[in-house]
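Visitor: sequence and computational prediction follow.
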Amino acid sequence: MPTDSLAEFELLVMLAALRLGPEDAYTVSIAADIAERTGRSVRRANVYTTLQRLERKGLITTRLGDPRPERGGRPRRLVMIRMAGMVALRNTTSAIEAMMGDLGPELGSVS
Amino acid sequence: MKPPLPARALLWLLAGRDRRADVLGDLEEAHRLRVARSGALGAYVSTCLEALDVGYALVHRGAFSASWVDVKLGLRMLLKYPGLTFVGGVAIAFAVAAGAGSLQFASDILQPSFDVDEGDRIVWLQLWDRERNRRHANTAYELGIWRDELTSVHEIGAFLVFGANVGSSEHGAVPSTVAEVTAAALSLARTPPHLGRPILDSDEAPDATPVVLLGYETWQSVFAGEGDIVGRTVLVGGEPATVIGVMPPEFAFPTVMDAWVPLRIRATEHEPGTGPGIIVLARLNEGVHIDEARAELRRVIAVVASDDPATYEHVEADVRPYPPPIVPTMSEVATVGMYGMVAIFAVALIVLACGNVALLVFARTASREAEIVVRSALGAGRGRIVGQIFVEALVLALVATGVGLVAANVGLKWVVEILTQQNGDSFPFWVRDRLTTSTMVQAGLIAVIGAAVAGVPPALKVTRGGLQQRLQRVAGRGAALNFGGVWSAIIVMQIAGTVFFAPIVVWVGVDTHTIRTADAGVSVERFLTMRLETRLSTERGEAGDAARREQMARFNRSVRAFADRLREQSRVGAVTLAEQLPGGWHPRDAIEVEGVEFEGRAVLGRRVEHVDVATDFFEVMGTPVLAGRTFMPQDASADERVVVVNEEFVERVLGGANAVGRRIRYPTSAADASEPRVVDEEDAPWHRIVGVVRQIGLTLDPDLPDGAGIYHPLPEEGLEAIHLAAQVSGDREAYVSTLRSIAMSVDPTLELHEVQPLENMGSDTLLAYDSWFRVLVIAAAIALLLSNAGIYAVMSFAVSRRTREIGVRRALGAGGREILWSVFRRSLRQVIGGIVLGFAVFLSLLLATSSSARSPTWAGVAMVLGHLTVMTTVCLAASVVPCRRAMRIEPTDALREEG
């Protein structure tokens, strides 16, 4: 798979990070956002692995935030999407939309 | 709300320095959410499992794969190789039991918590005196301020603990541990009484009727569980109090208690630094971190200190979890570090056991080499094969872990029982006598590590090399798979461990026997003994000092009156008093003997036991006087201090010289001196020896074989605690209740502790030695079993691998002796290597710890030589069966191998 497109879980993580924004996107909130929106159980370990992979690919960057009392005075590792990440997101969602094409009625009939 | 310690420790180790902060922060945040969602226990287990998952994700490299079929295969292997299952299972079970027990103990000691609703939010508000480096306990004044001003905590209460008789004239009195507690402090436990009502705020009023809340066990044992106990009047420390309720069985808060009475403390009546020594507890408000509460407490104290800077100059306010860890000032990092050390010990133990099991697994795996190579040829990757063998080892490890956990539960109950027996109420009650879910989860993790050690290295060794090479090896045309140097080293280490262990077992066994058969020097079977105490005020200041003086005077009057009353009883013969009785722990100190030098120094190089005894002590104990005289009534108040010494003192300290008339004194340890010396002549007065008595039991301790003892007359002003020995005819145990009734009638505040026959004195020491001996015997037996199984596995493996070679050598005319030697010499090398290594380590340890008290004897040397002979024979016996098999190999067997 080329680096300018994303696997399914990578896509979910990127979308969650985009929605939460650079001040609130971190492992726990991303896992919670995906779980809430998709209704599926998300292992935080998978989010760690995926974020590491995305960072290695140069699609995101991370930084440590301020210490927070609810975390025992420890900081959050905040996620920011880089330009390459935005491009990969666009490419992937465009590809999905293109493939969806006129399949809407057929997909809608699947119960 | 801290996540479980094992989860934190695991991620702390695996996350790496750069990710540690955020990964642990995520863990804590996620744990808080889980606690809110599914409760403390569910969150605990989920967080531990998630830590495992996250930890694996952080270090995962995609090494191998496994399936359920491997689990079934692993179960089948347990039945197919019963020898390995038994030996490996016993070793792993022992390691898991010892490791899990240690982890549970460490967890309870380092991070204790109450098993009550919101028990993890109970905190201890305290003032720390930095100058004296101790807690500033007299905080009655501050309690009032904290109640009014603190907003980060609620349910602020206080308690103090004291010993007192609880009973009634009808039931007799039993020395009990009683808490004076405020209603708020008791409510922190969130536990309703079994009968009646709890202590209320109104009970704390100075003019309120005195009330008492009984512990369930006290209700049962002292008041025979009478159903109408609520509302009746009983005596607590000699004072009447109305029973308002009974707490549930095994209820312990703020610590192990027999009864609770209201703490009537009025903050407004006290100046800073005065009043009774109390402990102040509270509960953190929802969502408040302990650091925030600490900051608020410090702000409040800073305001108070600004009005009275002198009093608070060296005082620092602090908020700590309650119950406190064993070292209250230990930081979180140090706590995790300490726990990590215990975890490393547990892991090291399993690695050691599983390193040995790996030897057996390797022999088993090598015998299946053909099957494994065929699977590789059919496309199974190395990771797949390694995964399969790992799962086989995991199945064995998990089954053994189940057995180990059952053993750990039994062992923990046993250890906690012993420690509670030895330490009484001072033993922390929150140390559980069973494993918690978290410890069992950790044991499971340890089993996984053990399986990795037992399964992965053999699998890697068997699957090493290219497929072609391995096919040739199986077909008999390549270099055979052999045990390498690492396996030989493991066997040598096993044997060394066994050799090292055995003398220690014998050593402890001899000590245990010495204690069991120790001669107290008196007719122990005639005496009933007890320790007498009373409650002394903990209040500071002149009022406290005056109260203590008065209490001491009353106590000593009551002790004498009690002894006199006993002498009047028909079943009681002679009665005597002493600071300590034969078999109990005697104080010991350095001494000087006037005009005598000990190896060029004035002070004797070892400490000598001494004890205060009544004038009639030797007469009552039936101890003959060998020289001079014993004490006379006027000795306690005479200007010249006198002592009596025993015959061992004369022999060991004075070298048999005449003792009577000599003078001794006790030099004190000065802060600036490395050894005791007389700093102030007035502090170290001379004592003249007036008599020598026959040997009589001192402390029951085999490490103190000296036996030298010095006896002083009981001081006129008495002691804070004193032992009484009474000659009682008939059933001594049955006489205890009569004794308690007599004590109650003499003085209800007189506490009778540890009422027991004299022969039971020192039974705690015997129990400790006996327990230690049993643990060592089990460990030594397992080490011996493992080393023998290892030798057997290696030898059997070697014989089966060399069948063709031995057959050919037979065909070429080699004799039985040559064949035997070629097979046997390897195990002989290992046995000799192990024995030499083990003996060298043992000898080094012996030399490093030896003292004049334990100088080697011929009997000891003979015992060690005998032990070495037995060990060599036992270890070589494991070679007998494989050697016999090698001797029976014929040339035709080699041909069959070829075919």
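Guide: Happy to help now that I have it.

Visitor: which ones are touching the nearest residue to residue B:830 once chain neighbours are set aside?
Guide: Nearest non-adjacent residue to residue B:830, counting by C-beta to C-beta, 6 or more residues apart in numbering or on different chains: residue B:491, 4.8 Å away. For every residue, glycine as well, the C-beta is placed using N, CA and C. Residue B:491 sits next to B:359, B:787, B:790, B:791, B:794, B:830, B:834 when contact means C-beta atoms under 8 Å, 6 or more residues apart in numbering or on different chains.

Visitor: by neighbours, which of these wins?
Guide: Ranked by neighbour count (other C-beta atoms under 10 Å in any protein chain shown), the contacts of residue B:491 have residue B:790 at the top, with 31 neighbours.

Visitor: just the pLDDT for that residue.
Guide: Reported pLDDT at residue B:790 in the predicted model: 71.

Visitor: for residue B:255, give me phi and psi.
Guide: The phi/psi pair for residue B:255 (degrees, to the nearest 10) reads phi -150, psi -170.

Visitor: how far off centre is the host helix or strand of residue B:10?
Guide: Using DSSP states H and E, residue B:10 sits within helix B:5-14. Chain-centre distance of helix B:5-14: 25 Å, with C-alpha atoms, centre = their mean, to the nearest Å.

Visitor: chain center to the following helix or strand past that helix: distance?
Guide: Remark: after helix B:5-14, the chain's next helix or strand is helix B:17-59, criterion DSSP H and E. Distance of helix B:17-59 from the chain centroid (C-alpha atoms, centre = their mean) equals 31 Å.

Visitor: what helices and strands are in contact with helix B:17-59?
Guide: For helix B:17-59, the elements it packs on are helix A:27-38, helix A:44-56, strand A:77-81, helix B:5-14, helix B:437-462, judged by 3 or more C-beta pairs under 8 Å, 6 or more residues apart in numbering or on different chains; DSSP states H and E.

Visitor: so can I have a markdown table of these showing mean pLDDT, distance to residue B:120 and mean neighbour count?
Guide: Shown next, in a markdown table, are the helices and strands packed on helix B:17-59 (pLDDT from 0 to 100; distance: least, C-beta to C-beta, whole Å; neighbours: other C-beta atoms under 10 Å in any protein chain shown):
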| stretch | mean pLDDT | distance to residue B:120 | mean neighbour count |
| --- | --- | --- | --- |
| helix A:27-38 | 94 | 21 | 18 |
| helix A:44-56 | 89 | 23 | 19 |
| strand A:77-81 | 94 | 27 | 21 |
| helix B:5-14 | 81 | 12 | 21 |
| helix B:437-462 | 83 | 13 | 22 |
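
Visitor: of the ones you listed, which is nearest residue B:41?
Guide: Between residue B:41 and the helices and strands packed on helix B:17-59, the tightest spacing by C-beta to C-beta is seen for helix B:437-462, at 6.8 Å.

Visitor: okay, the residue nearest to residue B:830: pLDDT?
Guide: As predicted, residue B:491 sits at a pLDDT of 74.

Visitor: relative to residue B:376, how far out is it?
Guide: To residue B:376, residue B:491 is 29 Å away according to C-beta to C-beta, to the nearest Å.

Visitor: so residue B:755 belongs to a helix, correct?
Guide: No. Per DSSP: H, G, I helix; E, B strand; the rest coil, residue B:755 lies outside any helix segment and is strand.

Visitor: let me know the secondary structure of the nearest residue to it once chain neighbours are set aside.
Guide: Of all residues not flanking residue B:755 in the chain, residue B:530 sits nearest, at 4.3 Å (C-beta to C-beta, 6+ apart). The three-state label given to residue B:530 by three-state DSSP is strand.

Visitor: the longest helix in chain A is where?
Guide: The longest helix of chain A (DSSP state H) is helix A:83-100.

Visitor: next, the buried residues of it.
Guide: Buried residues in helix A:83-100, counted by 16 or more other C-beta atoms under 10 Å in any protein chain shown: A:85, A:88, A:89, A:92.

Visitor: so for that helix, mean pLDDT?
Guide: Across helix A:83-100, pLDDT averages out at 91.

Visitor: next structured bit after it?
Guide: In N-to-C order, the element after helix A:83-100 by DSSP H and E is helix A:104-109.

Visitor: what comes into contact with that next one?
Guide: residue A:100.

Visitor: so the most centrally placed residue in chain A is in which element?
Guide: By C-alpha atoms, centre = their mean, chain A has its centre lying nearest to residue A:13, at 1.5 Å. If you go by DSSP H and E, residue A:13 is part of helix A:8-20.

Visitor: for that helix, output the C-alpha coordinates as CSV.
Guide: Coordinates of each C-alpha in helix A:8-20 appear next as CSV, following Å, rounded to 0.1, in the frame of the first residue of the first chain:
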residue,chain,number,x,y,z
GLU,A,8,-9.0,1.1,7.6
PHE,A,9,-8.0,1.5,11.3
GLU,A,10,-5.4,4.2,10.3
LEU,A,11,-8.2,6.0,8.6
LEU,A,12,-10.4,5.9,11.7
VAL,A,13,-7.6,7.1,13.9
MET,A,14,-6.7,10.0,11.5
LEU,A,15,-10.4,11.0,11.3
ALA,A,16,-10.7,10.9,15.1
ALA,A,17,-7.5,13.0,15.5
LEU,A,18,-8.8,15.5,13.0
ARG,A,19,-12.1,15.8,14.7
LEU,A,20,-10.6,16.2,18.2
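
Visitor: okay if I get the helices and strands packed on helix B:17-59 as a markdown table plus distance to residue B:506?
Guide: A markdown table is the format used below for the helices and strands packed on helix B:17-59 (distance: least, C-beta to C-beta, whole Å):
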| stretch | distance to residue B:506 |
| --- | --- |
| helix A:27-38 | 57 |
| helix A:44-56 | 52 |
| strand A:77-81 | 58 |
| helix B:5-14 | 38 |
| helix B:437-462 | 30 |
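
Visitor: quick one: closest of the ones you listed to residue B:39.
Guide: The nearest among the helices and strands packed on helix B:17-59, by C-beta to C-beta, is helix B:437-462 at 12.5 Å.

Visitor: how far off centre is the closest one?
Guide: Relative to the centre of its chain, helix B:437-462 is centred 27 Å away, using C-alpha atoms, centre = their mean.

Visitor: right, is it up against chain A?
Guide: No. Taking C-beta under 8 Å from any C-beta of the partner chain as the criterion, helix B:437-462 and chain A are apart, separated by no less than 15.5 Å.

Visitor: by contact count, what packs against that helix?
Guide: Packed next to helix B:437-462, using 3+ C-beta pairs under 8 Å, 6+ apart, are helix B:5-14, helix B:17-59, helix B:82-110, helix B:332-367, helix B:382-423.

Visitor: helix, strand or coil: sort out residue B:494 for me.
Guide: In three-state terms, and counting by three-state DSSP, residue B:494 is helix.

Visitor: how far away is it from residue B:360?
Guide: Taken as C-beta to C-beta, the span from residue B:494 to residue B:360 is 12 Å.
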